[in-house]
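Asks: With the sequence up front, the predicted model follows.
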Amino acid sequence: MTIQALPDIIKDGYEIHEWRHASAILASDFPDELSDICDVLGRFRLCKTFLTTPGGRKSKISEGIDSELYQKGWVEKKFDTAFVVDGNSTASTTHAVPYAS
């Protein structure tokens, strides 16, 4: 699969970049997750208030997308990662992200 095979609503509504064959991996190994992502992004609309409403834990954009994914059964996960150089480990903190369960 190439990004050209994505639904038109996604191709027309977003600037898409391929990275390490991500679309082919999603299509082949995670077709249900790809369908969820395309469905959520296809229905997402950016509102001016999403950009002008002050602070909070998450932006209105993240809240909107995440809540749609959670309704589809995705759950929030936190990844603990580290860089290891010559046997020396340095923690690389991340934030929690939605993850298909």
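Replies: Cool, got the structure.
Asks: K77 contacts T94, correct?
Replies: No - with contact defined as C-beta atoms under 8 Å, K77 does not count as touching T94 (9.7 Å). The way it works is simple: take the backbone N, C-alpha and C, and place the C-beta from them, glycine included.
Asks: domain assignment for the chain?
Replies: Split into domains by automatic domain parsing, the chain comes to 1-43, 54-101.
Asks: winner for burial among those domains?
Replies: domain 1-43 (a mean of 13; mean count of other C-beta atoms under 10 Å).
Asks: Quick one: distance of that domain to the chain centre.
Replies: 11 Å (C-alpha atoms, centre = their mean, to the nearest Å).
Asks: tell me the contacts of V97?
Replies: E76, K77, K78, F79 (C-beta atoms under 8 Å, 6 or more residues apart in numbering).
Asks: All the helices of the chain, residue numbers only.
Replies: 8-13, 22-29, 31-43, 48-52, 60-71 (DSSP state H).
Asks: which residues sit in contact with the nearest residue to L69 once chain neighbours are set aside?
Replies: Nearest non-adjacent residue to L69, counting by C-beta to C-beta, 6 or more residues apart in numbering: P98, 4.4 Å away. Counting by C-beta under 8 Å, 6+ apart, P98 touches I65, D66, L69, Y70, W74, V75, E76, K77.
Asks: Equivalent analysis for P7, please.
Replies: Contacts of P7 by C-beta under 8 Å, 6+ apart are C38, G42.
Asks: Repeat that for the one 4 residues further on.
Replies: Taking C-beta under 8 Å, 6+ apart, we find K11 in contact with I3, Q4.
Asks: all numbers from here: first residue = 11
Replies: Done: numbering now begins at 11, and the last item shifts to K21.
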